[in-house]
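Asks: Okay, sequence plus prediction incoming.
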Amino acid sequence: MKTIKNTWVGMLALSIFIGGVLVWTNAANSDDLFASIQNGLMPLVKVYQEVNRRYVDKVDSEKFLKAGIEGMLETLDPYTNYVEREEKESLDMLTQGSYGGVGLILMFRNNVVTVAEPPFPGTPAERAGIREGDQIIKVNGVPTKELGFDKTSQNIRGPRGSEVTLTIQREGEAKQIDFTLVRQQIRLENVTYAGKVGDSIGYILLTRFSRNAGSEVEAAIRKLKSQNCSSMILDLRSNPGGMLEAAVDVAELFLPKQSIIVSTRGRQQDMDQVFRSVRDPVFSEGRLVILVNRSSASASEIVAGAVQDHDRGLVLGDTTFGKGLVQTVVPLTQSTALKITTSKYYTPSGRCIQRPGYSQWEDTTDLSKQMQFRTDKKRPVRAGGGIVPDAVIHDPEPTDLFYDMVRKSMFFNFAVQYANSHTKPDSNFVVTDEMIQDFRKYLKQKSYGYKHPIEKVLANFKNEAVRGGYQTDVLRDIQRLEDSVEKAKEDMFANEYKNVKRALRLELASKFFGSRRQIEMALEDDAAFQRAMTVLEDRIAYNDLLGGKR
């Protein structure tokens, strides 16, 4: 296997993960190429000089230059960009697999930086008693509204042994609370859950591919095998990727030694590489299912594609994201770099997983040459955009009302308030009709209002009718339609009763019992997971799908 140190794939999640396969390089250009580039840049340099010299108002030259760089890069793919110090630190975090901090996962909810999940066990935040749902108002006395989300995250991180003071607003507490924490080295957890889910079936939820992903999955497999698990489910759904090295480490746990896992190809010959497994697999036999969805990207697609092409297991779920571009990071200064797409990656059968349409400069001449490829056992597999599962199970599409409540964090916020004001229930609790009514009262207390798309259209009609001086019967007709929409909104909530009940149960499980119990509850009515269980328990069904029978 060729060297893959500091090589990456993927999109960084929760403001940490950016996306792509990255290689740091200091490669020099030839003299001829340098001269050609220099000549081509003369007009750009001239424009920059003249604007700075002659423009009527004073120009911020650094900001103006950065705008020019970003303008050029916008014509390329989304992953080629100008990397500044803060982003560079985030990239370093993924390669190292750890960072100096307090153990919090943050999200931007209700326009406030909020603790999104229970703090990592054994970390400063967990020991201090910081809770999921706590709002971070200040960091070292500086309001987070001034800092913004990214700066807040960066300011909370820092060298281990140093202090950081967080000012927190907690639901049910009248006054803000100050926590002074001593930072420590925080290890990024890749395996969020591993456990036995059937008589002989193990389940591993892998949420990212940082440096330690391979060792964590290996440890999970060995533990599950010791519990007599002879079949495995590896859940890569909504896993945005990470390091290419980590993807290879995970894939080779399941594939024979010397198996091709992924290859890269670019315009320059030195970008063409083939990555193989270099060790004997840990789970070489036994049925295997990889779960994916539309948010499984990059490193996730490498693992799923390798398992599928070598017929080592089944891929179930929805077609993956289709992120197959490789980036090289070229340092520009001590604090900046250029992250530029230099190649694409291909599965063992030769499929390029990258979806078309990523750049206005894209070469589309080869897109129609061969859109079907074959696995080791000659099963047909498709290319041209993501990994298509062996059995497709579409994620249910939420209604606009349900999505609106999720987007506005209504389930999350209600669960925080409810958990702070109620005693801990049994771990197998159910959401009652009374709890649903409490939730509806909470929506009213918070003045939650859902605007149906039709309401926006009717509002425009009404404005036009008033401005145009239409007769009152037109306005009455519009009012009748508005009343009908209000009734329809009530029906929408009733139709979403099952989904609302499930969302509340999962949020409350997280608040009362932590993320592990929340995951277990979510699997109980998870269509893709249940299909995986059924297939793994039925050897004939498993072999039929592996043989290409749908």
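Replies: Cool, got the structure.
Asks: in what helix or strand does residue 296 lie?
Replies: Here residue 296, judged by DSSP states H and E, is contained in no helix and no strand.
Asks: is it true that residue 79 lies in a helix?
Replies: No. Looking at residue 79 with DSSP: H, G, I helix; E, B strand; the rest coil, it is coil, so not inside a helix.
Asks: What is the burial count for it?
Replies: Residue 79 sits with 22 neighbouring residues when counted by other Cβ atoms under 10 Å. No exception for glycine: its C-beta is placed from N, CA and C like everyone else's.
Asks: Kindly report the same for residue 477.
Replies: 13.
Asks: Confirm that it lies within a helix, as I assumed.
Replies: Yes. Using three-state DSSP, the assignment for residue 477 is a helix.
Asks: how much space between it and residue 483?
Replies: 11 Å (Cβ to Cβ, to the nearest Å).
Asks: swap in residue 426?
Replies: Taken as Cβ to Cβ, the span from residue 426 to residue 483 is 43 Å.
Asks: out of the two, which sits in the more crowded spot?
Replies: residue 483 (10 against 7).
Asks: tell me the domain boundaries of this protein?
Replies: Domain segmentation of the chain under automatic domain parsing yields 98-187, 191-328+344-392, 400-450+496-523.
Asks: Endpoint to endpoint, the last one covers what distance?
Replies: End-to-end distance for domain 400-450+496-523, by Cα to Cα, to the nearest Å: 24 Å.
Asks: What mean pLDDT does that domain get?
Replies: Per-residue pLDDT values over domain 400-450+496-523 give a mean of 92.
Asks: follow-up on the earlier one: can you redo the domains of the chain as CSV, where the extra columns are distance to residue 43?
Replies: Formatted as CSV, the domains of the chain follow (distance: least, Cβ to Cβ, whole Å):
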stretch, distance to residue 43
domain 98-187, 34
domain 191-328+344-392, 19
domain 400-450+496-523, 45
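Asks: Could you list the low-confidence segments of the stretch 51-200 of the chain?
Replies: For the stretch 51-200 of the chain, the stretches with pLDDT under 70 are 85-97.
Asks: From residue 219, how far off is the closest residue to residue 98 other than its chain neighbours?
Replies: Distances taken as Cβ to Cβ, 6 or more residues apart in numbering place residue 187 nearest to residue 98, at 4.8 Å, with adjacent residues excluded. Per Cβ to Cβ, residue 187 is found 13 Å from residue 219.
Asks: same check, this time on residue 485
Replies: In terms of Cβ to Cβ, residue 485 sits 54 Å off from residue 219.
Asks: More neighbours: which of these two?
Replies: residue 485 (17 against 14).
Asks: which stretch of helix or strand covers that one?
Replies: helix 472-495.
Asks: That helix packs against which elements?
Replies: helix 400-407, helix 453-468 (3 or more Cβ pairs under 8 Å, 6 or more residues apart in numbering; DSSP states H and E).
Asks: now the shortest one and helix 453-468, what's the angle there?
Replies: Just to be clear, that refers to helix 400-407. 100 degrees (axes from the mean of the first three to the mean of the last three Cα atoms, to 10 degrees).
Asks: Let me see the contact set for residue 272.
Replies: 263-266, 343 (Cβ atoms under 8 Å, 6 or more residues apart in numbering).
Asks: For residue 232, see how far away the residue lying closest to residue 224 once chain neighbours are set aside is.
Replies: Nearest residue to residue 224 in three dimensions, chain neighbours excluded: residue 202, at 3.3 Å (Cβ to Cβ, 6+ apart). Noted for residue 202: a distance of 5 Å to residue 232, by Cβ to Cβ.
Asks: Quick check: neighbours shared by those two?
Replies: What both residue 202 and residue 232 touch, as defined by Cβ under 8 Å, 6+ apart, is the set 221, 224.
Asks: Now do the same contact list for residue 99.
Replies: Applying Cβ under 8 Å, 6+ apart, the residues contacting residue 99 are 93, 157, 185-186, 188.
Asks: got a winner among those residues for most neighbours?
Replies: residue 186 (22 neighbours).
Asks: pretty sure it belongs to a helix, no?
Replies: No. Under three-state DSSP, residue 186 sits outside any helix and is assigned strand.
Asks: That one contacts residue 105, doesn't it?
Replies: No. Residue 186 is not in contact with residue 105 according to Cβ atoms under 8 Å; the separation is 10.4 Å.
Asks: list the residues that contact both of these two?
Replies: Common neighbours of residue 186 and residue 105 (Cβ under 8 Å, 6+ apart) are residue 120.
Asks: tally of neighbours for residue 44?
Replies: 11.
Asks: right, I mislabeled it, should have said residue 534
Replies: Residue 534, neighbours per other Cβ under 10 Å, totals 11.
Asks: Return the residues in contact with it.
Replies: With Cβ under 8 Å, 6+ apart, residue 534 has these contacts: residue 541.
Asks: so how far is residue 111 from it?
Replies: If you go by Cβ to Cβ, the gap between residue 534 and residue 111 works out to 43 Å.
Asks: cool, and residue 118?
Replies: For residue 118 relative to residue 111 (Cβ to Cβ), the value is 22 Å.
Asks: neighbour count winner among those two?
Replies: The neighbour count for residue 118 versus residue 111, taken as other Cβ under 10 Å, is higher for residue 118 (22 against 8).
Asks: Now do the longest strand belonging to the chain: which elements does it pack against?
Replies: Using DSSP state E, we find that the single longest strand of the chain is strand 337-346. Here strand 337-346 touches strand 21-24, strand 81-83, strand 260-266, strand 325-331, going by 3+ Cβ pairs under 8 Å, 6+ apart.
Asks: partner strands of the second one, parallel or antiparallel?
Replies: So the one you mean is strand 81-83. Sheet pairing of strand 81-83 (DSSP bridges) gives strand 337-346 (antiparallel).
Asks: okay, the partner strand in PDB with CA atoms only?
Replies: Below are the C-alpha coordinates for strand 337-346, written out as PDB (Å, rounded to 0.1, in the frame of the first residue of the first chain):
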ATOM      1  CA  ALA A 337      -3.100  27.300   2.400                       C
ATOM      2  CA  LEU A 338      -4.800  26.400  -0.900                       C
ATOM      3  CA  LYS A 339      -7.000  23.300  -0.800                       C
ATOM      4  CA  ILE A 340      -7.300  22.300  -4.400                       C
ATOM      5  CA  THR A 341      -9.000  19.300  -6.000                       C
ATOM      6  CA  THR A 342      -6.300  17.300  -7.900                       C
ATOM      7  CA  SER A 343      -7.900  13.800  -8.500                       C
ATOM      8  CA  LYS A 344     -10.900  11.600  -8.100                       C
ATOM      9  CA  TYR A 345     -11.300   8.300  -6.300                       C
ATOM     10  CA  TYR A 346     -12.500   5.000  -7.800                       C
END
